[in-house]
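Q: return atomic coordinates for the entry below.
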Amino acid sequence: MRLLICSLILICCTSILTAQEKTGVWRGIVRFSSYGFDPNYNPTPRPIMPPNDPQSRMGRPGTSSFATSTVTNTETDTRAKLEWLQIDDRSVVQLTSYGVDNKLVTMYQFYARPTPKEFYKFHMQGKSVVVKETDRRADLFDMRGTFQETDSSFVFWGVWEDPFTGRRFGTFFFEKVKEVISINPELVYSFLKKNKLSDDIVSASIPAIVVHDTIQTDAIAVYGNLVDNGLKDQDTLSIWFNGKLLEDNIVPTDKRFFFRANLADQEWNYLTIRCKNEGKEKGAGVHLNLEFNDIQMKYNLGLFRYGQSDWVIHRKVSNKQAP
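A: This is a model prediction of the structure:
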């Protein structure tokens, strides 16, 4: 009887959440568990605490390319971000994993569909690896999860598994946060085209951000590199620094394009990346790294033709000689 009551409570919580808007940003943990190999393994939903070990770096060689943040004898945790864009009863999802030093990133694309008659109410099918910043393998996998309302927030939890054998590798737990979604527009519009949906559905879901960030540094130069994190369809970009053209006619690919800009003696410097051409699909998606001697920043840019993203770089220490 007690088990039946608990099951009814879980169903009620799930049904409440499925009525809510799922589009948005979810942050949490993906956990590799040695006990998760059982294809029938269904975990009890529970919060996965942030990592405590700042030294551990990599996951299992030759398996998933998730950069690990906590390693025990049976479990390996990885910080991750899930960006969910719901369109009618279908969804396109982007999953990004992070290393503790913010240098290791893997980004995946999923298509999600509801599975109301199954234990987990959504099935996320892995479609592509859009960014890989690690020497580990980046095999595709599927995720099966359920949305649930808690006392303070909405959560999404479940298992991740081999898409062919159903072998389960572990669990995940995400909580919705108030952040701007930055999912790759090329992947979104490609998804719309395949499902014969109108572009107007997502026009308000991928906002155009002009001033992308303000950075404070004592560095004398910025080192940048970018890679296409979507479809290789001949997107063309240009890079401007302090009002002057630094690089022109850049066609991002899965190989990194590197650039450098020396910070002027002036207190403020301005970096701009513009989209000249979108290629075959609407929008241009770029994964950008900006490295200084004291900080590293990562961005997932969604650009449209003639649009741009700007950075304001504040020099904390000037190179000018004191009088």
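Q: distance of the spatially most central residue of the chain from residue 213?
A: In the chain, the residue lying closest to the centroid (C-alpha atoms, centre = their mean) is residue 96, at 3.2 Å. Using C-beta to C-beta, to the nearest Å, residue 96 is found at 17 Å from residue 213. (Each C-beta comes from the backbone N, C-alpha and C, glycine too.)
Q: sticking with the residue nearest to the centre of the chain, tell me its helix or strand.
A: If you go by DSSP states H and E, residue 96 is part of strand 90-98.
Q: do the same with residue 230
A: Using DSSP H and E, no helix or strand contains residue 230.
Q: if we can go back for a sec, next secondary structure after the strand holding residue 96?
A: Next along the chain after strand 90-98, taking DSSP H and E as the criterion, comes strand 105-114.
Q: can you show me the CA trace of that following strand as PDB?
A: Output of strand 105-114 as PDB, limited to C-alpha atoms (Å, rounded to 0.1, in the frame of the first residue of the first chain):
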ATOM      1  CA  VAL A 105      34.500  20.200 -23.000                       C
ATOM      2  CA  THR A 106      32.300  17.800 -25.000                       C
ATOM      3  CA  MET A 107      29.100  18.900 -26.600                       C
ATOM      4  CA  TYR A 108      26.400  16.600 -27.900                       C
ATOM      5  CA  GLN A 109      23.100  17.100 -29.800                       C
ATOM      6  CA  PHE A 110      20.000  15.100 -29.000                       C
ATOM      7  CA  TYR A 111      16.400  14.800 -30.300                       C
ATOM      8  CA  ALA A 112      13.900  14.200 -27.500                       C
ATOM      9  CA  ARG A 113      10.500  12.700 -27.700                       C
ATOM     10  CA  PRO A 114       7.900  11.900 -25.000                       C
END
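Q: what residues does the residue nearest to the centre of the chain make contact with?
A: Counting by C-beta atoms under 8 Å, 6 or more residues apart in numbering, residue 96 makes contact with 80, 81, 83, 105, 106, 107, 108, 131, 300.
Q: now with 6 Å, please.
A: By C-beta atoms under 6 Å, 6 or more residues apart in numbering, the residues touching residue 96 are 81, 107.
Q: distance check, the residue lying closest to residue 131 once chain neighbours are set aside against residue 303.
A: Leaving aside its sequence neighbours, residue 131 sits nearest to residue 107 (C-beta to C-beta, 6 or more residues apart in numbering; 3.8 Å). According to C-beta to C-beta, residue 107 and residue 303 sit 17 Å apart.
Q: repeat for residue 33
A: From residue 33 to residue 303 the distance is 38 Å (C-beta to C-beta).
Q: do residue 290 as well
A: Distance, residue 290 to residue 303, by C-beta to C-beta: 16 Å.
Q: which of residue 33 and residue 303 has more residues huddled nearby?
A: Per other C-beta atoms under 10 Å, whichever of residue 33 and residue 303 has more neighbours is residue 303, with 23 against 18.
Q: which residue, neighbours along the chain excluded, lies closest to the more buried one?
A: Closest to residue 303 by C-beta to C-beta, 6+ apart is residue 275, at 3.8 Å.
Q: is the one you found within a helix or a strand, and which one?
A: strand 268-277.
Q: what mean pLDDT does stretch 147-156 get?
A: Mean pLDDT, computed over stretch 147-156, is 86.
Q: next: stretch 237-248.
A: Stretch 237-248 comes out at a mean pLDDT of 94.
Q: and for stretch 160-177?
A: Here the average pLDDT along stretch 160-177 is 91.
Q: likewise for stretch 221-232?
A: Across stretch 221-232, pLDDT averages out at 89.
Q: residue 163: what's its closest spatial neighbour, skipping adjacent residues?
A: Counting by C-beta to C-beta, 6+ apart, the nearest residue to residue 163 once its immediate chain neighbours are dropped is residue 142, at 4.6 Å.
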